[in-house]
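**Student:** can you look at this prediction? I've put the sequence above it.
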Amino acid sequence: GRGSAAGAIVAYAMNITAFDPLENGLMFERFLSPQRTEMPDIDMDFDDERRLEVVEHVRQLYGPEKVTHVITYSTIKAKQAINDAARVLDYPVYMGQRLSKMVSSDPKVKLKQVLDKQPGKEDLFNPDFAEAYKKDDDARRIIDTALSIEGLTRGEGVHACAVLICRDPVNEHVPTKLDTKGGVEITQYEGHTVADMGLLKMDFLGLRTLTVISKAKANIKKNFGIDIKEEEIPFDDPEIFKLMGSGHTAGVFQVESAGMTATIKNMKPTEYKHVVALIALYRPGPLGAGMVSSYINRMNGKEPAVSYDDRLDDILGETYGTMVYQEQVMLISVEMCGFSKGESDSRIRKPVAKKKIKLLTSTVLHWEDGSDETTYDHWMNGAIKNIDTVMGGTMIDYVIANISETRIMDVYEHNAPKKQERDDKPEYEEEK
């Protein structure tokens, strides 16, 4: 087991997870709290060659009618919409390809963003595409047709790891069908909808790394007679960190890429927490903002650790003043905004982690001067009202100086409202 379930001491006691949540500062509220509106989700990784055995075991245990796979829907993206429209309208293939090559390769790009400049998406605009639309009748016809079909459901598939388990036959709660190959029963509702209905969706993921480890253990036992147990390998063996710091990371899960290997050689980790922090930080946002190099320099004493506020020292001290983990995000909102831990998960961590920033507008700050601001408006207005000034500047100054992957998260959690926040709207749901 992994993910948020690692914060549950019961999961640790039952050997579902193998990581002590109390010793490592994991929070139960990430897994389950009164504010959580859907069933807790335990992600479990298995040897990818034996994953189907696990699914079959669950079917036999609970009954085949109570266990099913989950459908996924694919939609028509911008480039595909152009090519499909050109083909259906009986234009030569090259015309569709000429126009589609003008569209950004960003998987989230929309044709309207390529056709007209959209605020915050100016880099997706293509003047040649707009020119073709204005002056070429055939191009305009293709693009207009593409705009009408963009975003429509194109096809279906089976989710790589999601399995739905019900106390009753599944089709009493959701419609089911055979997949397009006719071999597997699947739901007709996709995963988010199933979870929002309160049904239990388990993720049984097949992981190639576990297959490699399993075969390596078998080969070692066969050739050397040594029975290795992973749980008995110490987390503080200096030889492990010496090996990683020298760049010998081939085959090591999550740290074997060329970029990660070069970074870990520069870091020279000496503790397990250093490796964990690096894995958490090694993402496009923190890399682009210089957070990784800053963390490494602070760790190795090349630059001083930063203290933004005495109340944050216990939370950010382990990571030298860098906000790295989602648990830190939650604890900061608890400490500085007066949220309960459950509220910090549902109102702060989840919207940011799921990239559903609009959900932050459901929280309204009621200031002592009688004015109201949503969290988003508070940020856009400069986060001035009722802010603590111990950081020596406005929230804008802080964010510019310490940009992270979760920019809005930084803004929200480092303010200190003087009045308790309340939610004027009903409990929100995730966007479908």
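**Tutor:** Structure received.
**Student:** for this protein, which segments are assigned as strands?
**Tutor:** Using DSSP state E, the strands of the chain run over 43-47, 67-75, 153-165, 176-178, 185-190, 200-207, 364-366, 372-374.
**Student:** confidence score at residue 401?
**Tutor:** Note on residue 401: pLDDT of 42.
**Student:** if I look at residue 41, how far off is residue 201?
**Tutor:** Relative to residue 201, residue 41 is positioned 6 Å away (C-beta to C-beta, to the nearest Å). For every residue, glycine as well, the C-beta is placed using N, CA and C.
**Student:** who touches both of those two?
**Tutor:** Residues within reach of residue 41 and of residue 201 at once, by C-beta atoms under 8 Å, 6 or more residues apart in numbering, are residue 195.
**Student:** out of these two, which sits in the busier spot?
**Tutor:** Remark: of residue 41 and residue 201, residue 201 carries more neighbours, 21 against 17, as counted by other C-beta atoms under 10 Å.
**Student:** so what's that one up against?
**Tutor:** 39, 41, 70, 162, 163, 164, 191, 194, 195.
**Student:** do that again at 6 Å, thanks
**Tutor:** 162, 164, 191, 194, 195 (C-beta atoms under 6 Å, 6 or more residues apart in numbering).
**Student:** ok so, going back, which of the strands of the chain has the lowest average pLDDT?
**Tutor:** Lowest mean pLDDT of the strands of the chain: strand 364-366, a mean of 71.
**Student:** the longest helix in this protein is where?
**Tutor:** Criterion DSSP state H: the longest helix present in the chain is helix 208-224.
**Student:** report the buried residues of it.
**Tutor:** Going by neighbour count (16 or more other C-beta atoms under 10 Å), the buried part of helix 208-224 is 210, 211, 213.
**Student:** go on, stretch 343-359?
**Tutor:** Within stretch 343-359, the residues scored as buried using 16+ other C-beta under 10 Å are 343, 344, 345, 346, 347, 348, 349, 350, 351, 352, 359.
**Student:** so the second one is in contact with residue 333, correct?
**Tutor:** Yes - counting by C-beta atoms under 6 Å, residue 344 does reach residue 333; the two are 4.3 Å apart.
**Student:** number of nearby residues for residue 267?
**Tutor:** 22.
**Student:** how about it: what's its closest non-neighbour residue?
**Tutor:** Spatial nearest neighbour of residue 267, excluding adjacent residues (C-beta to C-beta, 6 or more residues apart in numbering): residue 296 at 4.9 Å.
**Student:** the one you found against residue 268, yeah?
**Tutor:** No - in this structure, residue 296 is not within contact of residue 268 by C-beta under 6 Å, at 8.6 Å.
**Student:** about what we covered before: same list (the contacts of residue 201) but as JSON lines, adding neighbour count and distance to residue 77.
**Tutor:** Converted to JSON lines, the contacts of residue 201 look like this (neighbours: other C-beta atoms under 10 Å; distance: C-beta to C-beta, whole Å):
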{"residue": "162", "neighbour count": "23", "distance to residue 77": "22"}
{"residue": "164", "neighbour count": "24", "distance to residue 77": "27"}
{"residue": "191", "neighbour count": "18", "distance to residue 77": "20"}
{"residue": "194", "neighbour count": "24", "distance to residue 77": "24"}
{"residue": "195", "neighbour count": "20", "distance to residue 77": "25"}
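**Student:** which residues does residue 277 contact?
**Tutor:** Going by C-beta under 6 Å, 6+ apart, residue 277 touches 319, 324.
**Student:** so how far is residue 236 from it?
**Tutor:** Taking C-beta to C-beta, one finds residue 277 at 16 Å from residue 236.
**Student:** ok, residue 220 to residue 213 distance?
**Tutor:** Taking C-beta to C-beta, one finds residue 220 at 10 Å from residue 213.
**Student:** repeat for residue 221
**Tutor:** Residue 221 is 13 Å from residue 213, by C-beta to C-beta.
**Student:** burial of residue 116, as a residue count?
**Tutor:** For residue 116, using other C-beta under 10 Å, the count is 12.
**Student:** wait, residue 188 sits on residue 178?
**Tutor:** No - Residue 188 is beyond contact range of residue 178, at 10.8 Å (criterion: C-beta under 6 Å).
**Student:** between those two, what contacts are shared?
**Tutor:** By C-beta under 6 Å, 6+ apart, no residue touches both residue 188 and residue 178.
**Student:** same drill for these two, tell me which one is more crowded.
**Tutor:** residue 188 (14 against 10).
**Student:** ok now do that one, which residues does it touch?
**Tutor:** By C-beta under 6 Å, 6+ apart, residue 188 lies in contact with 175, 177.
**Student:** give me the neighbour count for residue 94.
**Tutor:** Neighbour count of residue 94, defined by other C-beta under 10 Å: 9.
**Student:** the one 10 residues further on now?
**Tutor:** When neighbours are defined as other C-beta under 10 Å, residue 104 has 18 of them.
**Student:** list the contacts for it?
**Tutor:** residue 124.
**Student:** kindly report the same for the one 5 residues further on.
**Tutor:** Going by C-beta under 6 Å, 6+ apart, residue 109 touches 78, 124.
**Student:** helices of the stretch 201-350 of the chain, start to end?
**Tutor:** For the stretch 201-350 of the chain, the helices defined by DSSP state H, counting those that start in this stretch occupy 208-224, 238-245, 258-267, 272-281, 284-288, 291-299, 313-316, 326-337, 341-343, 350-353.
**Student:** lowest-confidence stretch among the ones you listed?
**Tutor:** Looking at the helices of the stretch 201-350 of the chain, the bottom one is helix 350-353 with a mean of 78.
**Student:** that helix - contacts with which helices or strands?
**Tutor:** With contacts taken as 3 or more C-beta pairs under 6 Å, 6 or more residues apart in numbering; DSSP states H and E, helix 350-353 sits against no other helix or strand.
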